[in-house]
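K.L.:
Give me coordinates for this.
(2 chains)
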There are 2 protein chains.
Amino acid sequence: MPRSIVLSVDAMGGDHAPDIIVDGVQALAKTAGDGTLKVLLHGDAALIEPLLARNTEAARLCELRHSDTHVAMTDKPSQAIRKARGSSMWNAVEAVKTGEAHACISAGNTGALMVLSKVLLRMARNAHRPAIAASWPTLKGASVVLDIGANVECTPSQLVEFAIMGEAFYRAIHGAERPTVGLLNIGSEDLKGNDVVRTADALLRNAHLDMAYQGFVEGDDISMGKVDVVVTDGFTGNVALKTAEGTARLATAFLRQSLRESPVSMAGALLCQGAFRRLRARMDPRKFNGGVFLGLGGVVVKSHGGTDGTGFANALNVALDMARSGYARQIAANLEKLAASLDAAGSESLAS
Amino acid sequence: MPRSIVLSVDAMGGDHAPDIIVDGVQALAKTAGDGTLKVLLHGDAALIEPLLARNTEAARLCELRHSDTHVAMTDKPSQAIRKARGSSMWNAVEAVKTGEAHACISAGNTGALMVLSKVLLRMARNAHRPAIAASWPTLKGASVVLDIGANVECTPSQLVEFAIMGEAFYRAIHGAERPTVGLLNIGSEDLKGNDVVRTADALLRNAHLDMAYQGFVEGDDISMGKVDVVVTDGFTGNVALKTAEGTARLATAFLRQSLRESPVSMAGALLCQGAFRRLRARMDPRKFNGGVFLGLGGVVVKSHGGTDGTGFANALNVALDMARSGYARQIAANLEKLAASLDAAGSESLAS
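P.N.:
Numbering: from 1, shown residues only, chains lettered A, B, ... in the order given. Sure, this is the predicted structure:
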């Protein structure tokens, strides 16, 4: 466990930067300002300095690193990468590469951040593709789902790598000693699903990993919290995550409509204000903000672009938990076992 | 529009058959018993006769067709098909094949019903793979999502066929003149997604179909009702549907927990009973029961195996709407255009 943590923050990424970025650091400072934390804040000094002047707790943690440019939310990754050098995002990631910072956080353009992180940080040893992992509210607390969008297609061994990385990520963020892991499929019987998930299932059972693998799970198992870590490809994971967000919004809208349809229930709703506040808190997407790029040679956390200071503070806390954890060491051991198992079986090339 | 409709019902399929099957017919009889509807009820006469004796409205619609055997819920499709001949499910589908009935409804084993329907009814002209379509509650009413589980992998032209079939299905069930259609993807920009959805998107734009195609939609657009028909492969569609079910259950559980945490909100909840009833009704899965196998040479409706009489009645109404619609004629025209367009382009063989 490092005694002092340095976070490297892209202050110009996201829909409401740099304001909510500084708000987020301010919120973090109030809970974690124990003198062992430092934040490198990359961005336009002329915009950021006035914000730090008003947020003194944040200012005490921060070292401002000026950058002239930033990556726009609308840039395509290929455009962004050409002009990224020297931008706030580039500099934020580079501080992790040089070892100056333990983790990087950005609310900016996801595609650009991914490409840039791959270029600067490369992959971790024995990992072949980065995955984006996100936390998800469940009946039992929280699950981690990955990949939620980095890879539209995956090989079986890539899914196994995601399982390894997701399991260590869950331990780092949610503190379970031995997180359970499931593979997302469309039926719990062994015969259903496509070749990729069936082969990945066989690998997970036979590769002698140190992991509590539970087999297949289905879509409704995610919110029920049947397993701690749900593994899938980035196409299915992204659709599942957004479908859940849409369904939660629909349920909220239906509740509001139903309450408005009679004077009695409108009166009841007044008495239920506290309960509705607690309900909103339970489902608050800001509490689950902070998708992590796993599999790289360093920690990169992607905040939702539209979040506020509370949400960004959560992304900062995810980065902090990752930086303090034994994540890199844990995945190294299991990725080694997977590589050995694939070599022995000669069953599949891991080269992507 | 046929003057008299005949529905062919597997009375032995599902977790609570034949009781809830007869309950469903009884409920249908009360709303649709105008003398132009007839139900062929296939199953064990010794079990069904006492139920019909108690449900006289159902009895008036029904013609009981005894069968000695039925397909078990736990049979694998390959096992089921070997012993299916003469079973209640087989006989129910066969009545559609012979032209005696306009549509078949079963709450039995999904895999067995699919295999058996393909064997008996074959594919519709120019259709190459059956898809399962389901209705889904949205902010604007209902959407149709397909495929929700028949095909774990799809080619681009199969997705276009699903779009054609789903669009006509939506018109038959939900009555819109010109339903809008979207292709499920992980980003609304043209560049995201995998090759299959990108090629399907190009086909949908260029095949001169008579269809209000709107391009890509994302997971959260489904519940928001952005389009009427959401097209995807059976793996993604199944995960999306079950994820939404799980999220709805989670939201309900969170609401209940939040209300119980203070005496004031418990009192408020008493006043909100009517609103909570209306909320349950809005999200009632029974209202959306009845997945339809599209693309076959006849109409087959699959009810959820665990539903009750109200849910089964909804599946019967879906079959009734399909039987009364111009579905077969409508898909024939668009499938013809797709086939012509693919022939002209020589771009891809439709053979599965």
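
K.L.:
tell me what whichever helix or strand A:Leu116 is part of is packed against?
P.N.:
Under the assignment given by DSSP states H and E, the secondary-structure element containing A:Leu116 is helix A:110-121. Packed against helix A:110-121, as judged by 3 or more Cβ pairs under 8 Å, 6 or more residues apart in numbering or on different chains; DSSP states H and E, are the following elements: helix A:77-82, helix A:88-97, strand A:291-294, strand A:299-302. All C-beta spots, glycine's among them, are computed from the backbone N, C-alpha and C.

K.L.:
quick one: low-confidence ranges for chain A?
P.N.:
When residues are selected by pLDDT under 70, those of chain A lie in A:1-3, A:33-34, A:188-191, A:346-352.

K.L.:
same thing but 80
P.N.:
Using pLDDT under 80 as the threshold, the predicted model of chain A has low-confidence ranges A:1-3, A:32-35, A:187-192, A:345-352.

K.L.:
care to break it down by domain?
P.N.:
A:5-121, A:134-285+A:331-345 (automatic domain parsing).

K.L.:
What is the linear distance spanned by the shortest one between its boundary residues?
P.N.:
So that's domain A:5-121. End-to-end distance of domain A:5-121 (Cα to Cα, to the nearest Å): 19 Å.

K.L.:
Tell me which residues touch the residue most central in space within chain A, please.
P.N.:
The central residue of chain A, meaning the one whose C-alpha is nearest the mean C-alpha position (Cα atoms, centre = their mean), is A:Gly291 at 1.5 Å. Counting by Cβ atoms under 8 Å, 6 or more residues apart in numbering or on different chains, A:Gly291 touches A:132-134, A:148, A:301-303.

K.L.:
of all those residues, which comes closest to A:Met12?
P.N.:
Relative to A:Met12, the closest of the contacts of A:Gly291 is A:Ser303; by Cβ to Cβ it sits at 12.6 Å.

K.L.:
need the helices for chain A, in chain order.
P.N.:
The residue ranges that make up the helices of chain A, judged by DSSP state H, are A:19-32, A:45-54, A:56-61, A:77-82, A:88-97, A:110-121, A:156-174, A:195-206, A:219-224, A:234-260, A:263-271, A:273-283, A:309-324, A:327-345.

K.L.:
Next, the angle helix A:309-324 makes with the first one.
P.N.:
In terms of direction (axes from the mean of the first three to the mean of the last three Cα atoms, to 10 degrees), helix A:19-32 departs from helix A:309-324 by 60 degrees.

K.L.:
Run through the neighbouring helices and strands of helix A:19-32.
P.N.:
Secondary-structure packing of helix A:19-32 (3+ Cβ pairs under 8 Å, 6+ apart): strand A:5-10, strand A:37-43, helix A:45-54, helix A:56-61, helix A:309-324.

K.L.:
In stretch A:169-184, which residues are buried?
P.N.:
Taking 16 or more other Cβ atoms under 10 Å in any protein chain shown as the basis for neighbour counts, the residues of stretch A:169-184 that come out buried are A:169-174, A:179-184.

K.L.:
and of these, the nearest to chain B?
P.N.:
A:Leu184 (6.3 Å; Cβ to the nearest Cβ).

K.L.:
in the sheet, who's paired with that closest one?
P.N.:
Taking DSSP bridges, one finds A:Val217 as the beta-bridge partners of A:Leu184.

K.L.:
is it true that it touches A:Leu241?
P.N.:
No: using Cβ atoms under 8 Å, A:Leu184 and A:Leu241 do not qualify as a contacting pair, with a distance of 11.4 Å.

K.L.:
And for the helix holding A:Leu116, what's in contact with it?
P.N.:
Residues from elsewhere that reach helix A:110-121, judged by Cβ under 8 Å, 6+ apart: A:13, A:71, A:75-78, A:80-81, A:84, A:89-90, A:93-94, A:96-97, A:104, A:106, A:130, A:132, A:149-150, A:293, A:296-298, A:300, A:302, A:305.

K.L.:
now the angle from that helix to strand A:5-10?
P.N.:
Between the axis of helix A:110-121 and that of strand A:5-10 there is an angle of 130 degrees, by the same axes, to 10 degrees.

K.L.:
buried residues in helix A:110-121?
P.N.:
A:110-118, A:120-121.

K.L.:
can you check stretch A:325-345 too?
P.N.:
Neighbour-count burial for stretch A:325-345, with 16+ other Cβ under 10 Å as criterion, is recorded at A:325, A:327, A:330-332, A:334-335, A:337-339, A:341-342.
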